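>>> Show me the folded form of this:
(chains A and B)
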Amino acid sequence: MATAPKIDVGGDYKEKYGFFVPEDYVFKAKRGLNPEIVKEISWMKGEPEWMTKMRLRSLEIFRKKPMPTWGADLSVIDFENIFYYLKASDKQSKSWEELPPDIKATYDRLGVPEAERKFLAGVSAQYESEVVYHSLQEKLSQQGVIFTDTDSALRDHPELFKEYFGTVIPPADNKFSALNTAVWSGGSFIYVPKGVKVDIPLQAYFRINAENMGQFERTLIICDEGSFVHYIEGCTAPIYTTDSLHSAVVEIIVKKNARCRYTTIQNWSTNVFNLVTKRAMAYADATMEWVDGNLGSQITMKYPSVYLMEPGAKGDVLSVAFAGKGQHQDAGGKMIHVAPNTTSTITSKSISKAGGRTSYRGHIKIYPGANNCKSFVKCDALLLDDESRSDTYPYNDVDAENVTLGHEATVSKVSDEQLFYLMSRGIPRAEAETMIVNGFIEPFTKELPLEYAVELNRLIQLEMEGSVG
Amino acid sequence: MAITSETLDQLQGEPGWLRERREAAIATFEKLPAPSKTDEEWRRTDVSRLDPNQFSKLEHLDGQKLILAEALPQGVILEPLRIAAEKHRDLIEPRLFSLVHADRDRFTALHAALFTGGTFLYVPDGVVVDQPIIGQHFSHEANTSVLPHTLIVAGRNSRFNYLDEYIAQDDAESGYRTGSTEIFIGEGAQVGYVAVQKWGRNVWHFADQRAELQKDSSLRLFNVTLGGKFSKSRIEASLVGEGSNAELKAIYFASGEQFFDFHTLQDHRVGNTRSDLLFKGALQDVSRTVYAGLIRIEKHAAHSDAYQANRNLVLSDKARATSIPMLEIDNNEVRCTHGATVGPVDPEHLFYLRSRGIPEPTAKRMLIQGFFGDVLDRIPFEHARRLVEAELESRIG
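Here you go, the predicted model:
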């Protein structure tokens, strides 16, 4: 009997889509975490005093807070064995051609120039800890849109920055937001003025490249009244042997009548710990949409949330998780209804394969007085073999009047009938399964810009290769 | 008076082994801390104002009143648990508190230490009992503990229905009440079990109902929760034999300041098992309910089919229902679905009825009856169905 070869996705990641280039860093802080390193980071960046103080205060909070005991097992992270700051080149490049060749080689494989050509949009590519390549379309500046890296924003727009930084996610929110606030570096800063609708998605590629390199980017997006922006964050990372930590913080403020969409495709290599805090505040009649795809990493703990602050606010989370061998995707969403007449939906699709584990963990909180709210949560899980695991943990707290709340979840395997149908038309089993999986996540894929949808389908195909039964 | 091993002196005439068990449970009770708010199971369930020590007087010592329409078939044992403990030690000792563990928390320990009355039912292999067996547990006095425990052993291919009724003489009584049940279901047996809790409106009530199902057996369990100012019930089924099938259904109707908490577990230990859970509740006034349920499918439990749903009808602006349906699935050859809803009466349904000239209160009542209708049809036997319908009718009013 012929057996199909088992391909270990984690092991041959490098050949498939992992790649790395020799390290060449201008500045590399020492390993470990202490007030001196935090001060050094702040000094290197030439930051104002309030930021240095905030970083030091956050470090204290990080030290005091216990590790979370729920969700995934984080005990293996060694905070003393991580580089907290890297700077790949001294100067910010203005155009693609000026980029250092090795960095360019990396991006070429990711297809960044293509994306730029296609969209003629601002590409802000993060190589290591700081944004080195940055182009801002003429039109955007004319409209008064600020799209820059977070470090430059602190320098160039200090008042705007200080007004919003740390207001959505204060350092004391959780252990990892404290860590991020202490050592943050890079990330995107977007300000969209009143009534401005940015009609092209703003994109940034994020990369981790040095061994044991922690990446602590910090993103802040402010959508002023009646504005619209779509921000896309896509991550792929080369494979390395020791564990890496990625702990980002994303803060978004969506003011009256504004709409913000934040799309992520996360594909860290399978040794990365991805512990991210993402939160948005949506005000009157504003809409916040998180489109969140989690494919890579060893452990992901990420629950994009929307605080619905004023009547008419709407929150959406659309999330996809794929866990292969040795991976645990603990993802979900949170909707915090603070004001009456607010609505929210969470749609979660998860796929587990080769012993991987996906957990949906969500929280719907409806505060007293937030009457006439509606919330709906739907979770679908697909288990591709009998080694894998899927969990659903929805927490619902309703303390208001006339609230309609719904939750639905299903767990299943690839349906035999669908498989039979496709195979009877001459499609090989592996291909048929890939098609079914791609169909399963289609509600997610169709929300993505075309080239991301293509990339996602390709990634799923790579992950599915060699899956039997 | 505090609860100590002297409290056990109220329970005379029991065999030594049972007394030893009770003393061990008292020690466990004294050792275990009060549930903490940081513990997920107790986060929404406040027992800080409950001091069981003030209810150290035990009532209902002689056990239940058993109602039987006719003589039981040969070999069936139906006796008060404390009496049976002496005569049928071989049947009881290995099973008592082996499903409902005494050390699970302070309240199960207290129940295991002081259980009063209760029933032991043993139906031998192949025996079919046509008439439903009914155990009624009464409370007569205020500020006492009434702690009945039911132990049911169903032999292979036996078939019967059992009803536990928890009845208060005085609806305003206060006190401490439990109503726990352990059901052992042998191969191929079919058991119907209904528990109707209608204690007084000022009591604390704790219940652990747990069944273990062997190969090809089936359970139809129906829980009705109406009484108590506080009621916490854990309803759990372990599917340990292939081909077993557990149906867990419940209705609850909370009004005034009542607080109801339900924890359910559908534990699929082996494959080819099926479980179907539906909990439906209506809430009035300022009542609150919490439902938290888990479907767990173990690694090798392939071809399992599990369903779990919790529906809450919130009839007043101030009532609160919390629903937390959870899944832990370790096998892919399964079908698992769950759902939860919390919401008021559908205004469109109400409008439809009103537009046909039906006054609002009547229309609301019809909608509530309709809401419970499909689950009431799942009550395993006629006597219980009539009883529950009447109870519900008087409360919807």
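>>> neighbouring strands for whichever strand or helix holds B:Gln308, and are they parallel or not?
Here B:Gln308 is covered by strand B:304-314, with elements defined by DSSP states H and E. Applying DSSP bridges, strand B:304-314 is found paired with strand B:274-283 (parallel), strand B:334-343 (parallel).
>>> Show the average pLDDT along the following helix or strand past the first one.
Yep, that's strand B:274-283 we're talking about. Remark: after strand B:274-283, the chain's next helix or strand is strand B:288-297, criterion DSSP H and E. For strand B:288-297, mean pLDDT rounds to 94.
>>> For the closest residue to chain A within the stretch 51-200 of chain B, give me its contacts.
Nearest to chain A in the stretch 51-200 of chain B, going by Cβ to the nearest Cβ, is B:Asp105, at a distance of 19.5 Å. C-beta: built from backbone N, CA, C; applies to glycine. Shown in contact with B:Asp105 (Cβ atoms under 8 Å, 6 or more residues apart in numbering or on different chains): B:32, B:35.
>>> and with 10 Å instead?
Neighbour list for B:Asp105: B:28-29, B:32-35, B:39, B:41-42, B:47, B:111, B:206, B:208, B:232, B:234 [criterion: Cβ atoms under 10 Å, 6 or more residues apart in numbering or on different chains].
>>> And A:Asp199, by the same measure?
Neighbour list for A:Asp199: A:121, A:139, A:228-230 [criterion: Cβ under 10 Å, 6+ apart].
>>> Just say helix, strand or coil for it.
Using DSSP: H, G, I helix; E, B strand; the rest coil, the secondary structure recorded for A:Asp199 is coil.
>>> coming back round to it: can you list the strands paired with strand B:304-314 in TSV and add mean neighbour count and distance to A:Tyr452?
As requested, those are arranged in TSV below (neighbours: other Cβ atoms under 10 Å in any protein chain shown; distance: least, Cβ to Cβ, whole Å):
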stretch	mean neighbour count	distance to A:Tyr452
strand B:274-283	23	40
strand B:334-343	21	31
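>>> SS state for the closest residue to chain A within the stretch 1-150 of chain B?
Nearest to chain A, among the residues of the stretch 1-150 of chain B, is B:Arg44, at 7.7 Å (Cβ to the nearest Cβ). Here B:Arg44 is recorded as coil under three-state DSSP.
>>> cool, and A:Gly426?
Under three-state DSSP, A:Gly426 falls in the coil class.
>>> what about the closest residue to A:Ile41 other than its chain neighbours, distance to A:Trp184?
Spatial nearest neighbour of A:Ile41, excluding adjacent residues (Cβ to Cβ, 6 or more residues apart in numbering or on different chains): A:Tyr85 at 4.6 Å. Distance of A:Tyr85 to A:Trp184, given as Cβ to Cβ, to the nearest Å: 10 Å.
>>> circling back to that earlier point, does the residue of the stretch 1-150 of chain B closest to chain A touch B:Val290 like I think?
Yes. Here B:Arg44 reaches B:Val290: they are 4.8 Å apart, a contact under Cβ atoms under 10 Å.
>>> shared neighbours of those two, anything?
Residues touching both B:Arg44 and B:Val290 by Cβ under 10 Å, 6+ apart: A:397, B:259, B:261, B:320, B:322, B:324.
>>> Let me know the helix or strand that the third one is in.
The reference is to B:Asp261. Counting by DSSP H and E, B:Asp261 is part of strand B:259-268.
>>> Tell me if that strand is near chain A.
No. Using Cβ under 10 Å from any Cβ of the partner chain, we find that strand B:259-268 stays clear of chain A, coming within 12.0 Å at best.
>>> Return that strand as PDB; C-alpha atoms alone will do.
Taking Å, rounded to 0.1, in the frame of the first residue of the first chain, the C-alpha atoms of strand B:259-268 are listed here in PDB:
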ATOM      1  CA  PHE B 259     -30.300  33.600  41.400                       C
ATOM      2  CA  PHE B 260     -29.700  30.400  39.500                       C
ATOM      3  CA  ASP B 261     -26.400  29.000  38.400                       C
ATOM      4  CA  PHE B 262     -26.000  26.000  36.100                       C
ATOM      5  CA  HIS B 263     -22.800  24.200  35.200                       C
ATOM      6  CA  THR B 264     -23.000  21.300  32.800                       C
ATOM      7  CA  LEU B 265     -20.500  18.800  31.400                       C
ATOM      8  CA  GLN B 266     -20.900  16.500  28.500                       C
ATOM      9  CA  ASP B 267     -17.800  14.300  28.900                       C
ATOM     10  CA  HIS B 268     -17.200  12.100  25.900                       C
END
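>>> which residue packs closest to the closest residue to chain A within the stretch 101-250 of chain B, ignoring adjacent ones?
Per Cβ to the nearest Cβ, B:Glu242 is where the stretch 101-250 of chain B lies closest to chain A, at 16.1 Å. Distances taken as Cβ to Cβ, 6+ apart place B:Asn272 nearest to B:Glu242, at 4.5 Å, with adjacent residues excluded.
>>> For stretch B:7-25, buried residues please.
By 16 or more other Cβ atoms under 10 Å in any protein chain shown, the buried positions in stretch B:7-25 come out as B:7-8, B:11, B:18, B:21-22, B:25.
>>> same thing with stretch A:400-411?
Counting neighbours by 16+ other Cβ under 10 Å, stretch A:400-411 gives A:400-401, A:403-411 as buried.
>>> Relative to the whole chain's centre, how far out is it?
26 Å (Cα atoms, centre = their mean, to the nearest Å).
>>> same deal with stretch B:152-170?
11 Å.
>>> got the end-to-end distance for it?
End-to-end span of stretch B:152-170 (Cα to Cα, to the nearest Å): 29 Å.
>>> Show the average pLDDT along it.
Averaging pLDDT along stretch B:152-170 gives 93.
>>> again, but for stretch A:275-289
On average, the pLDDT along stretch A:275-289 is 96.
>>> just checking, next helix/strand downstream of whatever helix or strand B:Ala195 lives in?
Element membership of B:Ala195 [criterion: DSSP H and E] is strand B:190-198. Counting by DSSP H and E, the element after strand B:190-198 in chain order, helix or strand, is strand B:202-213.
>>> Just checking: what are the partner strands of the helix or strand following that following strand?
Scanning forward in sequence from strand B:202-213 by DSSP H and E, the next helix or strand is strand B:218-225. The strands beside strand B:218-225 in its sheet (DSSP bridges) come out as strand B:190-198 (parallel), strand B:245-254 (parallel).
>>> And the strands paired with strand B:304-314: which comes nearest A:Leu179?
A:Leu179 sits nearest to strand B:334-343 of all those, at 35.0 Å, using Cβ to Cβ.
>>> higher neighbour count, A:Tyr85 and A:Trp184?
More crowded of A:Tyr85 and A:Trp184, by other Cβ atoms under 10 Å in any protein chain shown: A:Trp184, with 28 against 25.
>>> that older thread, need phi/psi at the residue of the stretch 1-150 of chain B closest to chain A.
Torsion angles at B:Arg44 (phi, psi; degrees, to the nearest 10) stand at phi -100, psi 0.
>>> Next: the one 10 residues further on.
Backbone dihedrals for B:Gln54, given as degrees, to the nearest 10, come out at phi -80, psi -10.
>>> The residue of the stretch 251-400 of chain A at minimum distance from chain B: what's its closest spatial neighbour, skipping adjacent residues?
Going by Cβ to the nearest Cβ, chain B is nearest to A:Leu383 of the stretch 251-400 of chain A, at 3.3 Å. Sequence neighbours aside, B:Asn332 is the residue nearest to A:Leu383 in space, at 3.3 Å (criterion: Cβ to Cβ, 6+ apart).
>>> would B:Glu328 count as being in a strand?
Yes. Using three-state DSSP, the secondary structure at B:Glu328 is a strand.
>>> tell me the centre residue of chain A?
Closest residue to the average C-alpha location of chain A: A:Thr264 at 4.9 Å, with Cα atoms, centre = their mean.
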